[in-house]
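In: With the input below, show me the fold.
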Amino acid sequence: MKVYLDTGLFLDYLAPRGHAGYFLRITDRRGRTVDQLSKDAAGCLIEIGSKHEGVTSCLTLYEVENAMYEKLKDLSSGLSDLHRYLITSARSLTVQVLSMVKYHKIRVLDLSQVIFQKTVSEIELQSRAIEAADSIHIATAIVHDVDLIISTDDHMLDLNGVFANSSGGQIQCVDTDDALLVLQQKSSRFR
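Out: Okay, the predicted model is just below:
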């Protein structure tokens with residue numbers, strides 16, 4: 001199974017492992033604690049690394065850094081030289097994600113003209129008012145024949161079963177807890 005990892009999974013995973021958790025993952029989600037969110041993300045990565053193919057977009061690298069930058073900027077308002085130090089602090093999160101994708105054998109996909117053409121040609125993305133970054137994630141999943149998108153965003157989860165990949169299969173969009181179950185079920189079918 002080919003699995004696409006949206007930005008939120010990386011933030012969940014890193015919450016107790018790096019400085020991001022203190023800023024970006026501070027509240028429970030859908031009845032699960034931050035600790036459980038991280039355990040679910042770790043379980044997904046282990047399943048993907050051992051029995052599936054994991055991919056993400058290079059857009060994810062931008063999104064994690066930008067999320068950290070924006071949060072730190074909010075916390076540091078009023079400082080005259082904050083930009084210089086916020087960049088290096090936020091960039092370290094990108095380094096952590098790069099380490100994570102290497103360790104878990106997640107392939108980082110390039111943005112390309114084909115992805116952008118798919119993004120603008122998918123009328124359903126426009127009619128559902130899906131913003132640019134999430135539209136790019138969906139288009140990347142379609143073009144690269146993804147079966148499952150793991151996302152933490154409600155608007156992405158609302159796209160479960162809406163889009164077909166390039167082979168015609170329906171793309172599932174689920175949070176990490178449901179993804180873990182799907183990955184384990186798909187793995188057990190092939191044993």
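In: pLDDT below threshold where in this protein?
Out: 20-22, 187-191 (pLDDT under 70).
In: change it to 50
Out: 191 (pLDDT under 50).
In: what are the ranges of the strands in the chain?
Out: Using DSSP state E, the strands of the chain run over 2-5, 53-57, 107-109, 148-150, 172-174.
In: Make JSON lines out of the ones you listed and add distance to Ser92 and mean neighbour count.
Out: Every residue, glycine included, has its C-beta placed from N, CA and C. Converted to JSON lines, the strands of the chain look like this (distance: least, CB to CB, whole Å; neighbours: other CB atoms under 10 Å):
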{"stretch": "strand 2-5", "distance to Ser92": "20", "mean neighbour count": "26"}
{"stretch": "strand 53-57", "distance to Ser92": "19", "mean neighbour count": "22"}
{"stretch": "strand 107-109", "distance to Ser92": "18", "mean neighbour count": "15"}
{"stretch": "strand 148-150", "distance to Ser92": "24", "mean neighbour count": "26"}
{"stretch": "strand 172-174", "distance to Ser92": "29", "mean neighbour count": "22"}
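In: Distance to Leu157 for these - can I get that in CSV?
Out: Below are these laid out as CSV (distance: least, CB to CB, whole Å):
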stretch, distance to Leu157
strand 2-5, 13
strand 53-57, 17
strand 107-109, 21
strand 148-150, 9
strand 172-174, 5
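In: so which of those comes closest to Thr140?
Out: strand 53-57 (4.8 Å; CB to CB).
In: Residues in contact with that closest one: which ones?
Out: For strand 53-57, contacts defined as CB atoms under 8 Å, 6 or more residues apart in numbering pick out 1-6, 10, 45, 48, 101, 104-109, 111, 115, 136-137, 140, 144, 146.
In: rerun at 10 Å
Out: Residues from elsewhere that reach strand 53-57, judged by CB atoms under 10 Å, 6 or more residues apart in numbering: 1-7, 9-10, 44-45, 47-48, 63, 97, 101, 104-111, 115, 133, 136-137, 139-141, 144-148, 150, 183.
In: and it, C-alpha only, in PDB?
Out: Written as PDB, here are the backbone C-alpha positions of strand 53-57 (Å, rounded to 0.1, in the frame of the first residue of the first chain):
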ATOM      1  CA  GLU A  53       5.600   2.500   0.900                       C
ATOM      2  CA  GLY A  54       5.600   5.900   2.600                       C
ATOM      3  CA  VAL A  55       5.700   9.200   0.700                       C
ATOM      4  CA  THR A  56       5.200  12.900   1.500                       C
ATOM      5  CA  SER A  57       5.600  16.100  -0.500                       C
END
